[in-house]
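# Quick one, structure for this:
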Amino acid sequence: MDITSKLETIKHRWEEMGEQLADPAVASDMKKFVKLNKDYKDEVREAQQGL
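Predicted coordinates for the structure are as follows:
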């Protein structure tokens, strides 16, 4: 996979998780919110390390 494709994949996943974090249904489910927030942070960390 080339760098452009990899960045597009990361960007899409990051945006998707951001939308889910903004969803009131997710925010009201603390267990789901905490897991999603951790995944979101991990995705950002992986992107920073991969570049």
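# contacts, neighbours, all on C-alpha from now
Will do.
# Which positions within stretch 22-30 qualify as buried?
Buried residues in stretch 22-30, counted by 16 or more other Cα atoms under 10 Å: Val26.
# can you pull out the helices in this structure?
Per DSSP state H, the chain carries helices over the ranges 3-22, 24-27, 30-50.
# Give the other helices and strands that the longest one contacts.
Spelled out, that is helix 30-50. In terms of contacts (3 or more Cα pairs under 8 Å, 6 or more residues apart in numbering; DSSP states H and E), helix 30-50 is packed against helix 3-22, helix 24-27.
# Turn these into a markdown table, columns for mean pLDDT and distance to Leu36.
Below are those laid out as a markdown table (pLDDT from 0 to 100; distance: least, Cα to Cα, whole Å):
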| stretch | mean pLDDT | distance to Leu36 |
| --- | --- | --- |
| helix 3-22 | 87 | 7 |
| helix 24-27 | 91 | 9 |
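# out of those, nearest to Arg45?
Arg45 sits nearest to helix 3-22 of all the helices and strands packed on helix 30-50, at 10.9 Å, using Cα to Cα.
# distance between that closest one and the chain's centre?
With Cα atoms, centre = their mean, to the nearest Å as the basis, helix 3-22 stands 6 Å off its chain's centre.
# Stretch 32-41 now?
The answer for stretch 32-41 is 8 Å, by Cα atoms, centre = their mean.
# End to end on stretch 17-32, go ahead and measure it.
Stretch 17-32 has an end-to-end distance of 12 Å (Cα to Cα, to the nearest Å).
# Give me the contacts around that stretch.
Stretch 17-32 is contacted from outside by 33, 36-37, 40, using Cα atoms under 8 Å, 6 or more residues apart in numbering.
# Any figure for the gap between the residue of the chain most remote from its centre and Glu8?
The C-alpha centroid of the chain is most remote from Asp2, which lies 20.3 Å away (Cα atoms, centre = their mean). Distance of Asp2 to Glu8, computed by Cα to Cα: 10 Å.
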